[in-house]
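J.: how does the following fold in three dimensions:
(chains A and B)
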Amino acid sequence: MLALAIVSGLCMGGMYGLLALGFHITYAVSNTVNFAQGTSLMLGAVLCYVFSVTWGWPIALAVVAALALCAAWGMLIERVAVRPFVRAKSNAWLMSTVAAGIILENVVMFTFGKEPRSLVLPLSGEAFTLGGLAVSPLQIAILVVAIGLALSLQAFATRTKYGKALLAIVQNPQAGSLMGIDVTRAIMYCYAMSTVLAGIAGIMIAPLFSVSAEMGTLLGIKAFAVAILGGLNSARGVVVAGFVFGVGEALITSFLGSAYTNILAFVLVIVALAIKPHGLFGTAGVKKV
Amino acid sequence: MKTLRDPLLLALAAAALAYAAFANEYYLFLLILGALMVIVGVGLNVLIGLTGQVSFGHVGFYALGAYVTAALTTKLGWNFWWTIPMAAVLTGIIGALLGLVALRVSGPYLAMVTIAFGFVVEFTAVEWESVTGGQNGLMNIPYPSLFGWSIGPRGIAVAAIVLMSLVLALYKRVAQSGWGLAMRAVRDSEIAAGAMGVNPLAIRTLAFTLSAVLAGIAGSFFASATTFVAPSTFTFFQSILFVLVVIIGGAERTYGPVIGAAIVVGLPEALSGLAEYRVLLFGVLLLAVLLFAPSGIAGALARRFRRSAPEQAPAPVSAQLLVAGGTAAQALEVDDISISFGGLRAVSEVSVKVENGKVTSIIGPNGAGKTTVLNVICGFYRPESGSVRLGQTELAGAPAFRVARAGIARTFQTPQLFERMTVLDNLLVAMQRGALGSPFAELSDMPTGAPAQKARALLHYVGYAGGVHRLAGDLPHIDKRLLEIARALALRPSILMLDEPAAGLNHTEKAVLAKLLRRIAASGLAVVLIEHDMSLVMGISDQVIVLDAGKRIAHGRPEAIRNNRAVIDAYLGGAAFDARPRAAAWKPEGDAVLAVEGLTAGYGAANVLKGVGLSLHGGELVAVLGANGAGKSTLMRALSGLLRPVGGTILFAGADVSSLAAHRIAGRGLVLVPEGRQVFPELSVTDNVRLGAYSRSDFDPAEVDAMLARFPSIERRRKSRAGLLSGGEQQMLAIARGLIAKPKVLLLDEPSLGLAPALINELFHVLAELRDQGMTILLVDQMAALALAVADRGYVMESGAIVHAGVAHELRNDPALERAYLGHA
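T.: Residues are numbered from 1 along each chain as shown, chains lettered A, B, ... in the order given. As a prediction, the model looks like this:
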């Protein structure tokens, strides 16, 4: 039982990690987050369903199209719900991204309908045994994709010209613009990246959770907790926190029942922030007076 | 109470009560719901509108209140009315505890804590079946009774409306009282609030607790109105709705929550057939309000119908007594304070002794640590060692608000006013000295009364002639400075510390400031001044302290400092340095590569650059010199696009680039090596250099090695993270990074800043080499003598304009140069 819990915990942890990475990416470059990240997860799943099931497209095309639209949604959010407030030096982006999420969720509800549908991916086949455990190909795939994406992003950031440019503007946006880097556009692309990550997470867990307009809300909030705990400024921190959170949740559920999982999870978040106000791996900035 | 006689409030209450008398059961319930939403909204308004915080978890307090009432009445048979104070106490305690945790952080972290709290309450309600009835909740909550008679839903409606009216009236009074003043001060500028004696954490926790208690009480009424409670009512979305009520209605406005609640409860009814779209509409409304009407509907209405309060003539009360009659004169003694940031020693064993009735000035080149010393004394930084003693009290390490209450007041380099509060209110905050007073006092913006009189007298004293009801954010720059000084005086301090008060002022305004500062000192206060304007400093100071690179290098009377060799060297660069001028005579050819005309730019209300004009020809090295505050760095920022000019033209390679973004200007070949190096600390040296070529399409990676070979001191460290390099190495790296962009013009902003003398020599050696290789360079540096040694021509700036220009070697011996730096002898 323990082993099964750990496996499923690692899978969920991978999902949390992907979502949390999305929070980290936008926070690192712009000190803002997309509070509607959970809705972006839902968007990926819903679009994939519509394209592959309702319209009958081949699954590969459906996935690519869904993610492309997720990217567009991310850029739209940055442009409409974040940039005007950052320019005005106000914190209202916290509430406007929530509003954007509400709008999207409801639009989907009225077009897609309220009943959950099930999405079958080529990988959600039958479980096979691996070292004495019953593991489904989907779970393996989720883990591989999550870790693979995290590693690819790291490689992108540290080895490519554009990746290093992103690191540069995280460290010093003004100096970055002096190098010729268009910081505003880079932030927009980071928002696109973060919604694509959420979309991938949504598509992958759709077979486990079934697709509906509200599937993303609680997941998004938990992923935000993961990001906060890992420290919004640390990519490694949020991914590690994602796996720890996922496994922790699974273990608590298997021993104490799913009832207390959520309570404990959120209480721990409050306690952790009480002790380390900038996240477990985060660092406080020096306040310039 | 006068506030309860507010006609709008009475009309509202009367209309609601009338409706309650005749409405049917369904609409009666909506009315109750609406009134309760107003109550929660008013509480949240205190938190969001007055104090500027956020909470997405207030449904938790609503639920707590509801469950307290439900459990106590159904399980223990309590009388409903006694459950209300219980709910208030419970939510108050939990609110205060949560506030203390949550409010040490801000932004997304604060949002997360409140969200987590809401979920903990919701899920606990589901799990703790014995107390809460689990998923099914608690039912058959009895209606409240009075004198043995059940008052029924209609009675609840009346009670809710009465409570709502009371709460609205209370909000109005609290917002106007010392409490409201302190809250708004914390919202507008936490730093300035601390400097005026307000404890930001305490105020934020107070606001949070108040909002929690109101939500809890509303929850109690909710339980008895619906007669059952279940976890499904208290979802995360409900918290969002509460926030909506405040934002859409209008944050900070008293009746904002009324409008917001009317919309949230009434809109679904008005839509009837389209009611299921209500959530979508709420989302759209919220986004629309945030984007287009940030002060909500109530705010937009108020703006339409605003009547400005009539201004009164200033009172003839003498402020002399006010200023001197503060705390008994205490001497300030600062001994050997030191502080480092990230391994860099910013201030090293600096001692300052300040006497009452005298003006002490702290001067020094850029980066000397002057503002850091001020921040340590005033409690914004904690020193690693040393002491700060005011009279008998040791203040080192004490937080800013405690230092302020002890009697040290300060102003800031950029005025930190409470921009959304009136001139009068800015002063009233300081006058409280951290004490909140009664929550019912009618203080804010009241034109009459003792506090207002004192405020007017202080404003008259500093020379402020404008209206007292104007918003501080709308004032012109000189008035902002005067207001900041008046506000500091309102604290009745014994020490007044000013950080570059003359920045952005013209000649006449500076003369007025000088007289004011002497008058303040004459009335018994100690005045401590950080300034760059030497004429001002030498003219009014009794004592001058000179800092350089974090250490005190001289102190004494102005005349002695003026002629002190060490001081002159620190500013201009002494003879111990050597720089190589051009070997043979040389003249530039062709048109100017960079031509600037009438350039005007600044930050906020003050223009730092006032019509600057200069030109640069191909192959020249031109130096721009001048004292701090003259505008040299601002000029560099305007040329590179980091700062958008408000007027004038910058012609670069034939095109006007003054309105282009920084990255485009860099892409065209006008490259800035910025002040303070600004390397990318976590990237390697190689990566830093490579990024310099970001916008070049013809870049060959082998060039990185070639470039590093030109700077041996950093080539050895090519794999190190740039943040670990020394100051001198980082400067070389920044120059290499600028050079690899193959610039047409290279701008260098204060490259010698913070460098050890040996490295300064190496730096100017590199500059001479670049010049000899034909690079076109515009150089700003404090080391005037060195800069003129390598340059072909020079410009001298003062107060935002070019006052002198000429051939470099002639400028070197021109007395005008020394005057520009050290003031007239």
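J.: where does B:V622 fall, phi/psi-wise?
T.: phi -110, psi 130 (degrees, to the nearest 10).
J.: actually A:K89, not the one I wrote
T.: With angles defined as degrees, to the nearest 10, A:K89 sits at phi 60, psi 40.
J.: list the contacts for it?
T.: Going by C-beta atoms under 8 Å, 6 or more residues apart in numbering or on different chains, A:K89 touches no other residue. The way it works is simple: take the backbone N, C-alpha and C, and place the C-beta from them, glycine included.
J.: and stretch B:202-219, C-alpha only, in CSV?
T.: The C-alpha trace of stretch B:202-219 is given here as CSV (Å, rounded to 0.1, in the frame of the first residue of the first chain):
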residue,chain,number,x,y,z
ALA,B,202,0.2,46.3,14.6
ILE,B,203,-2.1,48.5,12.4
ARG,B,204,-2.5,45.8,9.8
THR,B,205,-3.3,43.2,12.4
LEU,B,206,-5.8,45.5,14.0
ALA,B,207,-7.5,46.0,10.6
PHE,B,208,-7.5,42.3,10.0
THR,B,209,-9.0,41.5,13.4
LEU,B,210,-11.8,44.1,13.0
SER,B,211,-12.7,42.6,9.6
ALA,B,212,-12.7,39.1,11.0
VAL,B,213,-15.0,40.1,13.9
LEU,B,214,-17.5,41.8,11.5
ALA,B,215,-17.5,38.8,9.3
GLY,B,216,-18.1,36.5,12.3
ILE,B,217,-21.0,38.5,13.6
ALA,B,218,-22.6,38.6,10.1
GLY,B,219,-22.2,34.8,10.0
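J.: of all of the stretch 551-700 of chain B, which residue lies closest to chain A?
T.: The nearest approach of the stretch 551-700 of chain B to chain A comes at B:S695, 3.0 Å away (C-beta to the nearest C-beta).
J.: just say helix, strand or coil for that residue.
T.: coil (DSSP: H, G, I helix; E, B strand; the rest coil).
J.: tell me how many other residues crowd it.
T.: 19 (other C-beta atoms under 10 Å in any protein chain shown).
J.: distance of it relative to B:M775?
T.: Distance from B:S695 to B:M775, counting by C-beta to C-beta, to the nearest Å: 18 Å.
J.: run a quick neighbour tally on B:S541.
T.: With other C-beta under 10 Å as criterion, B:S541 counts 24.
J.: now it. Nearest residue, chain neighbours left out?
T.: Take B:S541 and drop its neighbours on the chain: the residue closest to it by C-beta to C-beta, 6 or more residues apart in numbering or on different chains is B:S361, 4.3 Å away.
J.: ok, now B:I151?
T.: Distance criterion C-beta to C-beta, 6+ apart; nearest residue to B:I151, sequence neighbours excluded, is B:P144 at 5.6 Å.
J.: do you know how far the one you found is from chain A?
T.: Counting by C-beta to the nearest C-beta, to the nearest Å, the gap from B:P144 to chain A is 32 Å.
J.: the helix ranked longest in chain B - contacts with which helices or strands?
T.: What stands out as the longest helix in chain B, according to DSSP state H, is helix B:200-226. Under the contact definition 3 or more C-beta pairs under 8 Å, 6 or more residues apart in numbering or on different chains; DSSP states H and E, helix B:200-226 sits against helix B:25-45, helix B:59-76, helix B:80-102, helix B:152-176, helix B:178-188, helix B:190-195.
J.: so what's A:A134 up against?
T.: Contact analysis of A:A134 by C-beta under 8 Å, 6+ apart lists A:L4, A:A127, A:F128.
J.: same question for B:F61.
T.: Counting by C-beta under 8 Å, 6+ apart, B:F61 has contacts B:T91, B:I94, B:G95, B:S211, B:A212, B:V213, B:A215, B:G216, B:G219.
J.: was I right to think the residue of the stretch 551-700 of chain B closest to chain A contacts B:I665?
T.: No. Contact criterion C-beta atoms under 8 Å: B:S695 and B:I665 do not qualify, at 10.2 Å.
J.: now do the shared contacts for these two.
T.: Common neighbours of B:S695 and B:I665, counting by C-beta under 8 Å, 6+ apart, are absent.
J.: now the longest helix of chain B, how far from the centre of its chain.
T.: 29 Å (C-alpha atoms, centre = their mean, to the nearest Å).
J.: which elements pack onto the helix or strand just after it?
T.: As assigned by DSSP states H and E, the chain's next helix or strand after helix B:200-226 is helix B:236-249. On a contact count with 3+ C-beta pairs under 8 Å, 6+ apart, helix B:236-249 meets helix A:93-112, helix B:25-45, helix B:59-76, helix B:107-127, helix B:256-271, helix B:278-292, helix B:296-304.
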